[in-house]
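Coordinates for the following, if possible.
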Amino acid sequence: MIKIVADNKIPFLEGALESVSKVVYLPGGEISKSDLLDADALITRTRTKCNRDLLEGTTVRFIASATIGYDHIDTGYCEGRGISWTNAPGCNSSSVEQYIVSTLLWLTVNRKLDLSNSTLGVIGVGNVGSKVAAAARVLGMRVLLNDPPRARAEGIAEFVTLEELEEQSDIITLHVPLNRGGIDNTHHLVDREFLTHLKKGAILINSSRGAVVDEVALLEGIRRAYVSNVVLDVFENEPNISSDFMEALTLTTPHIAGYSLDGKANGTTMSVQAVSRFFGLGLDQWSPVSMPAPEISEILIDTADQKLYELLWEVFRQTYDVSSDDHRLRSNPESFEKLRGDYPFRREPAAFVVRLFQGYPELRVMLEKLGFDVLSDQCM
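Take a look at the predicted model:
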């Protein structure tokens, strides 16, 4: 029977593999070489740095990361040592979409942003960026796409240059991997030069990787009014964030954009199935038995005498209000890791039914395209 060491914060994992393996659960940030000396596999998240220091001299043959990113895995070292690895691409794409939509609607209500007359620039158009772009179009926004690898592979018709996106976008949202060097370098993609080229009053959102943004340059850019609002879910030196930097941000959250329960379940499912395929464990079709329903799964909305985007926010905030995560982090900035580990229950729009009173066909269509099940009644 193989031995698996797993991060103890991966939801739905406990009990999945015990019938076919020995599983040891440990805090991800505390997994050490001694824990892996006789292990065959490691199931992890981003807090376990899978490199030579951790893996040299161990018996690990396979690493499954239940996350979309994999920059915590030294892929070159693993491949040189014959250690196979996998991540979970796209597992939390709908969760990040939910985060961005909540952010855009919050900005609309609290910063008087006019979405119908705004252009959203999406940098990185993979699993996440594609869903964010589609949601922005549902919200009535003009969308510009920048993705050099895809532009080279598919032609440039659908894409714009970074310079064009900077000059024309009212809001820029980042959905890129962290690449250090090379033709598609994204390390400090947002630097002083980037910020000086932005459209006046631009808004910046980053929910990809912290080091994509040069935080020294960004703080200077905020103070010089190169940007009007900044929303960050990820940071260069997380979990450590300076108080000056945090105070300059419009919204700040503890790396939880992809933390919906649905996204976590997808990551766990992909990891269990990958381990099963690699070791021939017979769990290639495994998935969590059930997903708990939200405490309140039906949202009642009276559409009379309210504006469209205010109504959208009224619905959306009942499923996920990004400012609640901002409040939790600002109240306890030293608890960054604990806030992630003990993250509140969050379901995506598909888990909710919205009941509209007084009609409003346009609102119904938008909500359905954003993933909600919508019912309409004529009177309350």
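
Now do the contacts for the closest residue to Gly371 other than its chain neighbours.
Spatially, and ignoring its direct neighbours in sequence, Gly371 is nearest to Pro349 (3.6 Å; C-beta to C-beta, 6 or more residues apart in numbering). C-beta: built from backbone N, CA, C; applies to glycine. Pro349 sits next to 98, 319, 367, 370-372 when contact means C-beta atoms under 8 Å, 6 or more residues apart in numbering.

Make sure Ile10 is actually in contact with Ser65.
No: because the distance of 9.9 Å does not satisfy C-beta atoms under 8 Å, Ile10 is recorded as not touching Ser65.

okay, the two: which has more neighbours?
Counted by other C-beta atoms under 10 Å, Ile10 and Ser65 do not tie: Ser65 has more neighbours, with 27 against 23.

quick revisit: who wins for most neighbours among the contacts of Pro349?
Comparing those by number of neighbours (other C-beta under 10 Å), Gln98 comes first, having 30 neighbours.

can you pull out the helices in the stretch 151-300 of the chain?
Using DSSP state H, counting those that start in this stretch, the helices assigned to the stretch 151-300 of the chain run over residues 162-168, 192-196, 215-223, 243-248, 261-279.

hmm, who's touching the first one?
The list of residues contacting helix 162-168 from outside it, by C-beta under 8 Å, 6+ apart, reads 119, 121, 123, 144, 146, 160, 172, 194, 197-199.

okay, now the domains of the chain?
According to automatic domain parsing, the chain comprises the domains 2-91+260-279, 93-252, 298-377.

Just put those in TSV and tack on mean pLDDT and distance to Pro288.
Written out in TSV, the entries for the domains of the chain read as follows (pLDDT from 0 to 100; distance: least, C-beta to C-beta, whole Å):
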stretch	mean pLDDT	distance to Pro288
domain 2-91+260-279	96	4
domain 93-252	97	15
domain 298-377	93	13
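
Output the ones you listed in a markdown table; the columns should cover distance to Ser287.
A markdown table is the format used below for these (distance: least, C-beta to C-beta, whole Å):
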| stretch | distance to Ser287 |
| --- | --- |
| domain 2-91+260-279 | 5 |
| domain 93-252 | 16 |
| domain 298-377 | 16 |
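
These: which one's closest to Gln285?
Of all these, domain 2-91+260-279 sits nearest to Gln285, with 7.3 Å by C-beta to C-beta.

ok, the residue most central in space within the chain to Val24 distance?
Nearest to the centroid of the C-alpha atoms of the chain, with distances taken as C-alpha atoms, centre = their mean, sits Gly258, at 3.3 Å. Remark: distance between Gly258 and Val24 (C-beta to C-beta, to the nearest Å) = 26 Å.

my guess is Val322 contacts Gln98, does it?
No: with contact defined as C-beta under 8 Å, Val322 does not count as touching Gln98 (9.2 Å).

which neighbours do these two share?
Going by C-beta under 8 Å, 6+ apart, no residue sits against Val322 while also sitting against Gln98.

ok, the nearest residue to Arg61 once chain neighbours are set aside - contacts?
Counting by C-beta to C-beta, 6+ apart, the nearest residue to Arg61 once its immediate chain neighbours are dropped is Asp40, at 5.6 Å. Taking C-beta under 8 Å, 6+ apart as the definition of contact, the neighbours of Asp40 are 2-4, 21, 59-62, 279.
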